[in-house]
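> sequence first, then the predicted structure:
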Amino acid sequence: MPRKIRTFRKSRQVDPRYKSEKVARVINKVMLNGKKHKAQETVYEAMDVAAAKLKKDQLAVIEEALDNVIPLVEVRARRIGGASYQIPTEINPHRRQSLGVRWLVQYARQRTGMPIAQKLAAEIVDAYNKTGSAHKKREDTHKMADANKALAHYSKF
């Protein structure tokens with residue numbers, strides 16, 4: 001990152017159906033080989049299936065699921081006096097969302113025996129209910145940060 005020049009993020013894009021940035025980020029993470037239309041179909045189908053299971057609005061379901069997966073703190077390695085310590089630090093909001101979306105799609109892909117839309121729907125439902133692999137990853141990250149809370153004074157990030 002440059003020292004003096006301010007960097008600017010590109011303007012956020014929104015998905016065509018729900019006009020939501022979060023849904024657009026999920027679509028982009030699901031997309032493989034530049035096939036965005038296929039990724040949109042997959043995500044929209046997964047949202048429909050998850051909303052039908054939970055009997056809620058599609059957009060509300062995905063946003064609540066992402067909020068339950070997004071981490072607030074993480075640990076970063078910092079070398080102090082020849083030893084590496086895991087320092088808990090707060091996460092930038094943009095990175096928080098990136099991690100949450102990444103974990104949601106990653107653990108959906110790791111499920112077996114179903115089409116990707118069904119796997120993603122199941123992971124969204126689990127995240128909405130605060131269960132599942134993506135939510136467990138968030139809890140593990142928070143536990144690790146809590147365990148290293150004594151080293152927080154070393155944080156310079």
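Perfect, I can see it now. Since the model is a prediction, treat every value here as computed from it, not as a measurement. Numbering: from 1, shown residues only.

> going forward, measure contacts and count neighbours with C-alpha atoms only.
Noted.

> which residue ranges form the helices in this protein?
21-30, 36-54, 58-69, 93-110, 116-128, 133-147 (DSSP state H).

> of all those helices, which lies closest to residue 75?
Across the helices of the chain, residue 75 has its closest neighbour in helix 133-147 (5.6 Å, Cα to Cα).

> as PDB, could you dump the C-alpha coordinates of that closest one?
Written as PDB, here are the backbone C-alpha positions of helix 133-147 (Å, rounded to 0.1, in the frame of the first residue of the first chain):
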ATOM      1  CA  SER A 133     -19.100 -25.000   9.200                       C
ATOM      2  CA  ALA A 134     -18.900 -21.300   8.200                       C
ATOM      3  CA  HIS A 135     -20.400 -20.200  11.600                       C
ATOM      4  CA  LYS A 136     -18.000 -22.700  13.400                       C
ATOM      5  CA  LYS A 137     -15.100 -21.000  11.600                       C
ATOM      6  CA  ARG A 138     -16.200 -17.600  12.900                       C
ATOM      7  CA  GLU A 139     -16.500 -19.000  16.400                       C
ATOM      8  CA  ASP A 140     -13.100 -20.600  16.200                       C
ATOM      9  CA  THR A 141     -11.600 -17.300  15.000                       C
ATOM     10  CA  HIS A 142     -13.200 -15.400  17.900                       C
ATOM     11  CA  LYS A 143     -12.100 -18.100  20.400                       C
ATOM     12  CA  MET A 144      -8.500 -17.800  19.200                       C
ATOM     13  CA  ALA A 145      -8.600 -14.000  19.500                       C
ATOM     14  CA  ASP A 146     -10.100 -14.300  23.000                       C
ATOM     15  CA  ALA A 147      -7.400 -16.800  24.100                       C
END
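
> closest to residue 83 out of the helices of the chain?
Using Cα to Cα, the nearest of the helices of the chain to residue 83 is helix 133-147, at 17.5 Å.

> identify all contacting residues around that closest one.
68-75, 87-89, 100, 103-104, 107, 123, 127 (Cα atoms under 8 Å, 6 or more residues apart in numbering).

> out of the helices of the chain, flag the one nearest residue 12.
Judging the helices of the chain by Cα to Cα, what sits closest to residue 12 is helix 21-30, at 6.7 Å.

> tell me what the closest one is packed against?
helix 36-54, helix 93-110 (3 or more Cα pairs under 8 Å, 6 or more residues apart in numbering; DSSP states H and E).
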